[in-house]
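Asker: kindly generate the corresponding structure for this input.
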Amino acid sequence: MQFRWSKCLNRLSLQTVLIVPFVVQVIAVVGVVGYLSFKNGQSAVNNLASQLRRELTARILQQLQATVERPHVINQINANSLLQNDLNILTGQGEYQLWQQAKVFPSTNLIYCGSEEDGAFLGVGRSDGGIGDALIVQTSNASTDYYFRYYDIDPTGRRGLLRSKGNRRYDPRSRPWYRAAEAIGKPTWSEVYLDFDVMLPTITAAIPVYNRENGQLSAVCATDIILSEELNHFLRNLEIGQSGIAFIAEPDSSLIASSTIEPITLGRGENTELLPGNQSSNPLIRAATHYLSDRFGGFSNISTTQATFMLEDKRQFLEVVRFNDGHGLDWIVVLVIPESDFMEQIHENTRMTLLSCVVALLVAILIGLITTQWLTRPLLQLNTTAKEIAQGKWEKVVELERTDEIGELSRAFASMVYQLRAAFTNLEERVEERTTELIRLNQELHRLAQVDGLTQIANRRQFDVYLDKEWQRSIREQQPLTLILCDVDYFKRYNDTYGHQAGDRCLQKIAHMLTQTVKRPADLVARYGGEEFAIILPNTDENGAIYVAHKIQMALQALQIPHQSSEKGYITISMGMATMTPITGEIYQSLILSADRALYLAKAEGRDQFCIGKHEEG
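Answerer: Predicted coordinates for the structure are as follows:
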């Protein structure tokens, strides 16, 4: 092979030999620099994306926390006011306080209390079903025959003119928010529902109020917030890259807020319902919902994580946070930022690097041509003279009129050429001989280090190395890993009866049988020690391990190796198996321990069988 390379190179001109390596080096250096620049840019993008996702989700969580804390603060204030008689639901007095709260907290839709005594109701809410700018008083008590009355509020917070009347009686004690607070007995949230006026996702915070004297329920105070009005505005004003999105969903994937402009409800009228994420018209929301559902085995199983997924062959950065407030809320905050939002400048730099590479290449070729012309002119003359010498024209003296190294080379060329040729030829032969011998010895040492000398299967050292590698792979891929330990039953009796040479042949037969039975490329059969064998089965669950154990039993029974000192009359083995899907922090010795315990149990229960070990944590 070396001779062929030399022959090919010798066919090239000296100019080519000088220019090509020079140009290749320039291309290689510029290419490596460009590649490292690109990779560093990608690393910087990953770090920036991670920091940006954390910052944005932190801001979203902060806004969520503030949004859901306010209603409970308002409810607690109103509960205290009821106990101090500053609010009177039965007479419908005290709306000034509710008006102040609605002014201070514009994110609320309706602030109200319902009486346990007779079902009276007093509240202050926003006009137009909760999305208008005006505030109105809503009352329902004995004086109104429990029909709603809606009053304007003047700039001082006092009740003004009657705006309208309700057309049906209202009893808050039958409402879900009232019953939830009554049943739980502490501050709580209702489920997200669609407000019957504006059909937007709404949630109610409620608190039961108990009489201080007898401890009986006297009222329930509650506050409604329209989630989409409060959170959509906030999410749409977040700067999520150039085309990133954020959305908040319930565990069933129904959207309750989104940074996109699409509606988050489906249908009309009474058939209106929250929009599931997998039915969104936004491709990022739809793709993120599908990805999370597939990864976690259902949207409700999602936990806080950072990840990436592909959409139309483009990488998307994903941040998911599970939000809980301690009062029953369980929401999922999802942030998606396309990698392309960060990579535009990186691609521009890559294009500039490629352009610089082309310019450098052209300059290098020009410099190489000038340099090689200066170098090769005298060398070509020397080459011509050398050819004449090779033809036997020894009478011509090789001497160039130069004082540099080329001139000295021409003067020493004639006397050195034959000596160098002989020396190099001898040296190459010796190096080739030594290299061949070293390769052969290394291959033999490598084989001896991994193979058991008697059975010609993997030895204990190779078993430990392979088990550790598959253990780490199973942690990364979260795939099951099975280990089967096999022990030849009554093997000492066999040696005592037939002799150690027969025992060695018996072990060789069993090893050959195991390798013929366990045939998957990733599986490993090893001699564990003495008469014990071990089988590593990657990506194999308990059912698969049982199947392999049955095959081994049938194969060994078919061999019918005589053993007159055994109860069966032929060689049998006991097996202990253990299957684990390891997690980070666990060590593979726990798998060995489980399999060893199962082997001990199989032997204790009569041998010629297999038992399944159970992993014991801690």
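
Asker: please count neighbours and contacts with C-alpha atoms only from this point.
Answerer: Will do.

Asker: low-scoring stretches of the stretch 151-300 of the chain, by residue?
Answerer: Within the stretch 151-300 of the chain, the ranges that satisfy pLDDT under 70 run 196-198, 228-229, 241, 269-270.

Asker: can you list the buried residues in stretch 207-219?
Answerer: Neighbour counts over stretch 207-219 (16 or more other Cα atoms under 10 Å) mark 207-210, 217-219 as buried.

Asker: would you turn those into a markdown table with secondary structure and distance to Thr517?
Answerer: Formatted as a markdown table, the buried residues of stretch 207-219 follow (DSSP: H, G, I helix; E, B strand; the rest coil; distance: Cα to Cα, whole Å):
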| residue | secondary structure | distance to Thr517 |
| --- | --- | --- |
| Ile207 | strand | 68 |
| Pro208 | strand | 70 |
| Val209 | strand | 73 |
| Tyr210 | strand | 74 |
| Leu217 | strand | 74 |
| Ser218 | strand | 76 |
| Ala219 | strand | 75 |
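
Asker: closest to Asp145 out of those residues?
Answerer: Ala219 (18.9 Å; Cα to Cα).

Asker: looks like the closest one contacts Val209 (just checking).
Answerer: Yes: with contact defined as Cα atoms under 8 Å, Ala219 counts as touching Val209 (5.1 Å).

Asker: so what's Ala205 closest to, chain neighbours aside?
Answerer: Counting by Cα to Cα, 6 or more residues apart in numbering, Ala205 lies nearest to Trp189, which is 4.6 Å off, once chain neighbours are set aside.

Asker: quick one: that neighbour and Cys221 touch, right?
Answerer: No: applying Cα under 8 Å as the test, Trp189 and Cys221 come out as separate, 11.8 Å apart.

Asker: next, show the common contact partners of these two.
Answerer: Listed as contacting both Trp189 and Cys221 by Cα atoms under 8 Å, 6 or more residues apart in numbering are Ala206.

Asker: those two: which is more packed in?
Answerer: Cys221 (29 against 23; other Cα atoms under 10 Å).

Asker: what sits against the residue most central in space within the chain?
Answerer: Centroid-nearest residue in the chain: Ala307, 4.8 Å away (criterion: Cα atoms, centre = their mean). Ala307 is in contact with 317-319, counting by Cα under 8 Å, 6+ apart.

Asker: bridged to Gly529, which residues?
Answerer: Per DSSP bridges, the residues bridged to Gly529 are Glu532.

Asker: would you mind measuring from it to Cys486?
Answerer: 10 Å (Cα to Cα, to the nearest Å).

Asker: can you list residues touching both of the two?
Answerer: With Cα under 8 Å, 6+ apart applied, the contact sets of Gly529 and Cys486 do not overlap.

Asker: was I right to think Cys611 contacts Lys603?
Answerer: No: in this structure, Cys611 is not within contact of Lys603 by Cα under 8 Å, at 9.1 Å.

Asker: circling back to that earlier point, quick check, the residue nearest to the centre of the chain in a strand?
Answerer: Yes: assessed with DSSP: H, G, I helix; E, B strand; the rest coil, Ala307 lies in a strand.

Asker: from Asp330, how far out is it?
Answerer: Separation of Ala307 from Asp330 (Cα to Cα): 21 Å.

Asker: Phe234: neighbour count?
Answerer: The number of residues packed near Phe234 is 17, by other Cα under 10 Å.

Asker: may I see the buried residues of stretch 548-558?
Answerer: Neighbour counts over stretch 548-558 (16+ other Cα under 10 Å) mark 548-549, 552-553, 555-556 as buried.

Asker: hmm, I typed the wrong one, I wanted stretch 51-62.
Answerer: Residues of stretch 51-62 classed as buried under the neighbour-count rule (16+ other Cα under 10 Å) are 52-54, 56-57, 60-61.

Asker: equivalent analysis for stretch 312-319, please.
Answerer: Residues of stretch 312-319 classed as buried: 316-319 (neighbour count, 16+ other Cα under 10 Å).

Asker: list just the nearest of these to Thr67.
Answerer: Using Cα to Cα, Glu319 is the member of the buried residues of stretch 312-319 that lies nearest Thr67, at 21.0 Å.

Asker: so the closest one sits in a helix?
Answerer: No: membership of Glu319 in a helix is not supported by three-state DSSP, which gives strand.

Asker: residues contacting it?
Answerer: 53-54, 57, 304-307, 334-336.

Asker: out of these, flag the one nearest to Gly244.
Answerer: Minimum distance to Gly244 across the contacts of Glu319 is 5.5 Å, recorded for Val336 (Cα to Cα).

Asker: how about the contacts made by the closest one?
Answerer: So Val336 contacts 244-246, 284, 288, 316-319 (Cα under 8 Å, 6+ apart).

Asker: now those residues in JSON lines, with distance to Leu135?
Answerer: Shown next, in JSON lines, are the contacts of Val336 (distance: Cα to Cα, whole Å):
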{"residue": "Gly244", "distance to Leu135": "36"}
{"residue": "Ile245", "distance to Leu135": "33"}
{"residue": "Ala246", "distance to Leu135": "31"}
{"residue": "Leu284", "distance to Leu135": "38"}
{"residue": "Ala288", "distance to Leu135": "39"}
{"residue": "Gln316", "distance to Leu135": "44"}
{"residue": "Phe317", "distance to Leu135": "43"}
{"residue": "Leu318", "distance to Leu135": "40"}
{"residue": "Glu319", "distance to Leu135": "39"}
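
Asker: so what's Gln443 scoring on pLDDT?
Answerer: Per-residue pLDDT puts Gln443 at 57.

Asker: all set now, cheers.
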